[in-house]
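Peer 1: quick one: sequence and predicted model below, then my questions.
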Amino acid sequence: MTELHIRDLRVSIDTDGGEREILRGVNLTIKGNETHAVMGPNGSGKSTLAYVIAGHPKYRVTSGSITLDGADLLALSVDARARAGVFLAMQYPVEVPGVSVSNFLRTSVTAIRGEAPKLRTWTKDVKEAMNELSMDPSFAERNVNEGFSGGEKKRHEILQMELLNPAIAVLDETDSGLDVDALKVVSDGVNRFRERGDKGVLLITHYTRILKYVRPDFVHVFFDGEIVESGGPELADILESEGYERYVNKAANIS
C-alpha cells in the first residue's frame, strides 16, 4: 500500500536578512485511500510543504525525512520524484509558450512511464478525461496555460493528474480562484482519482468550500510552520465557524 512519511521535517530559506526557518518539525503520514486536508492562515507554511515534497530547489531541508514507499524522496531529483509517484498541482501554474497541451501531456506521460503511450489509446484516454472535466477538445491545441482563465488552469492540472496517475497527489490550493461550477468539476476530478484505489491525496487549502465536495479523512491545522492540531472532517467545520483566532491567541500567549 502507498505510504508517504514525513518525519520531523525542518526547512529554511535564504532571505536578505539571513536564513529563515519556515517548517519547524512537521510530522505527517499519508496512506493510500486516504485524503488529508491541510488548512491554515496565509503564510503558515502550507505551500512550502507542498513544494518541498515535490523538490523545489528554493527550499533547504535542514533535518528530517520524506519517504514514499520506503524510497528517500529527499535524495531524488524533481523528475525522479515524479517517476516515483509524486504529483504537484501548483497554486499558480506557469505558462509554457510554444508548447501545446497535447504535446505537454504526452511528453509528461512518456517521461513518467519510460515509453510513449500508444497513440490510439492515448487519444482516447485524453478525450475521455477532457470530457469528464467539461473541457472543449480544442483546448488540447492551446499553449500550456497561456491565456488560460483560473478555472482552465486548474482543470488542466487535474487533467494532468488523471493521465499521469501518481501514487500521491499534492494539491496546493486547487480551489483558489474557482467559481462554483468550476469547483464542482475540479472536485469531481479529484474524487474520480481517489476512487482508483491506493491513492493518497494531500489537499492544501485556506478555505473549507472544496471540502464540501472532496470529503477528507483527516484535517490538519498548520500554523507557524507546524501542525498544531489534527482531527477528522469535523475539524474543518469548526474552522469554518471559528477561524484561526484561537491558534493566533495561543501563540501570542506563549510568546
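Peer 2: Thanks, I have the structure now. Residues are numbered from 1 along each chain as shown.

Peer 1: drop to CA atoms for contacts and neighbour counts, all remaining ones
Peer 2: Will do.

Peer 1: check contacts around the closest residue to residue 59 other than its chain neighbours.
Peer 2: Counting by Cα to Cα, 6 or more residues apart in numbering, residue 13 is the residue found nearest to residue 59 once chain neighbours are left out, at 5.3 Å. Contacts of residue 13 were listed using Cα atoms under 8 Å, 6 or more residues apart in numbering, and they are 19-22, 58-60.

Peer 1: again, but for residue 31
Peer 2: Contact analysis of residue 31 by Cα under 8 Å, 6+ apart lists 1-4, 198-200.

Peer 1: go again with 6 Å.
Peer 2: Shown in contact with residue 31 (Cα atoms under 6 Å, 6 or more residues apart in numbering): 2-3, 200.

Peer 1: of the residues you listed, just say which sits nearest to residue 86.
Peer 2: The shortest gap between residue 86 and any of those belongs to residue 200, at 9.8 Å (Cα to Cα).

Peer 1: quick check: that closest one touching residue 168?
Peer 2: Yes - using Cα atoms under 6 Å, residue 200 and residue 168 qualify as a contacting pair, with a distance of 4.7 Å.

Peer 1: if we can go back for a sec, hang on, the residue nearest to residue 59 in a strand?
Peer 2: Yes - using DSSP: H, G, I helix; E, B strand; the rest coil, the assignment for residue 13 is a strand.

Peer 1: and it, bridged to which residues?
Peer 2: Per DSSP bridges, the residues bridged to residue 13 are residue 20.

Peer 1: could you shift the numbering so residue one becomes 4, and keep it that way?
Peer 2: Sounds good: first residue 4 from here, last item residue 16.

Peer 1: ok, and the closest non-adjacent residue to residue 108?
Peer 2: Among residues not flanking residue 108 along the chain, residue 163 sits closest, at 6.7 Å (Cα to Cα, 6+ apart).
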